[in-house]
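**Q** What shape does this take:
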Amino acid sequence: MTKNRIGSLFFLIFSATYFYYSFDIRIMQVGYIEVMTARTFPYYLGVLGISVSILMLILSFVKFDVDDIFDFEKFKTFDFKKGLYFVLAMLFYGYTIRTLGFIIATIIFLIIGFKILEERNLKIIIFTSFGVSIVFWLLLTQVLGVYMAQGMIFDQLIGVQK
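**A** Numbers count the residues shown, from 1 in each chain. Here you go, the predicted structure:
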C-alpha cells in the first residue's frame with residue numbers, strides 16, 4: 001500500500017468519525033426551525049472530508065506522472081515575501097477593524113495591499129480603496145441589513161457611553 005492510499009484511508013476514517021460525531025452537537029429547541037445551526041458547518045465539513053478522501057483514494061489507483069501535474073519550476077518563482085506581507089496586513093486589519101471601524105480599517109488595508117502589489121498610480125489607489133470600502137459598507141448595511149459598529153475611535157470622539 002502506498003503512502004497516498006494510507007493517507008487517504010486515514011483521512012476517510014477521520015472524516016467519517018467527524019461526520020458521525022457532528023450529529024451529537026446539541027441544538028436548542030428554537031434552533032430546529034433555523035436554516036443554520038451549530039450542527040450545519042461540522043455536518044458539511046464532514047461530507048466534504050469524506051468526498052475528498054474518497055476522491056484521493058480513487059486517484060491513488062490511477063497512474064500518472066506527478067511532474068505533468070505540478071510544475072515545480074513555477075513554484076520557485078512565487079514571491080513568498082509578498083504573501084507574508086499580505087498575511088501581516090490581514091492580521092493588522094483584523095486587529096484594527098474594531099477600533100477604527102469597517103470603513104477606515106478597510107481603506108487602510110486596501111492601500112497597504114496596493115503598495116504590496118507595487119501599484120504606483122496614487123489616484124487608482126485612493127479612489128479604489130475609498131470606493132470599494134464605501135460601496136461594500138453600503139451593500140452590507142443598507143441592502144443586506146447587517147449591523148456594523150462604527151468603531152471605538154468614533155465612540156470616544158463623540159462621547160458614546162456604554
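**Q** all contacts plus neighbour counts: C-alpha atoms, from now on.
**A** Fine.
**Q** What's the mean pLDDT across the strand or helix carrying Ser53?
**A** Assigned by DSSP states H and E, Ser53 belongs to helix 40-59. Helix 40-59 shows an average pLDDT of 92 in the prediction.
**Q** Could you list every helix and strand in contact with that helix?
**A** helix 3-22 (3 or more Cα pairs under 8 Å, 6 or more residues apart in numbering; DSSP states H and E).
**Q** which regions of the protein lie under the pLDDT threshold?
**A** Applying pLDDT under 70 to the chain flags residues 1, 30-32, 64-72, 160-162.
**Q** Could I get the full set of helices for the protein?
**A** Here the chain has its helices, by DSSP state H, at 3-22, 40-59, 66-69, 72-76, 80-100, 102-116, 122-138, 152-158.
**Q** Tell me the buried residues in the longest one?
**A** Yep, that's helix 80-100 we're talking about. Using 16 or more other Cα atoms under 10 Å as the test for burial, helix 80-100 gives 86, 89-90, 93, 96-100.
**Q** could you check the angle helix 102-116 makes with it?
**A** With axes from the mean of the first three to the mean of the last three Cα atoms, to 10 degrees defining the directions, helix 80-100 sits at 160 degrees from helix 102-116.
**Q** so what secondary structure elements neighbour helix 80-100?
**A** Applying 3+ Cα pairs under 8 Å, 6+ apart, one finds that helix 80-100 makes contact with helix 102-116, helix 152-158.
**Q** Tabulate the CA atom coordinates of the helix holding Ser53 in PDB.
**A** Provided in PDB are the C-alpha atoms of helix 40-59 (Å, rounded to 0.1, in the frame of the first residue of the first chain):
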ATOM      1  CA  THR A  40     -24.600  22.700  10.000                       C
ATOM      2  CA  PHE A  41     -20.900  23.600   9.400                       C
ATOM      3  CA  PRO A  42     -19.500  20.400  11.000                       C
ATOM      4  CA  TYR A  43     -22.000  18.300   9.000                       C
ATOM      5  CA  TYR A  44     -21.000  19.800   5.700                       C
ATOM      6  CA  LEU A  45     -17.300  19.700   6.600                       C
ATOM      7  CA  GLY A  46     -17.600  16.000   7.300                       C
ATOM      8  CA  VAL A  47     -19.300  15.400   4.000                       C
ATOM      9  CA  LEU A  48     -16.600  17.400   2.200                       C
ATOM     10  CA  GLY A  49     -13.900  15.500   4.000                       C
ATOM     11  CA  ILE A  50     -15.400  12.100   3.100                       C
ATOM     12  CA  SER A  51     -15.800  13.200  -0.500                       C
ATOM     13  CA  VAL A  52     -12.200  14.400  -0.800                       C
ATOM     14  CA  SER A  53     -10.800  11.400   0.800                       C
ATOM     15  CA  ILE A  54     -12.700   9.000  -1.500                       C
ATOM     16  CA  LEU A  55     -11.500  11.000  -4.400                       C
ATOM     17  CA  MET A  56      -7.900  10.800  -3.100                       C
ATOM     18  CA  LEU A  57      -8.300   7.100  -2.700                       C
ATOM     19  CA  ILE A  58      -9.600   6.600  -6.300                       C
ATOM     20  CA  LEU A  59      -6.900   8.800  -7.700                       C
END
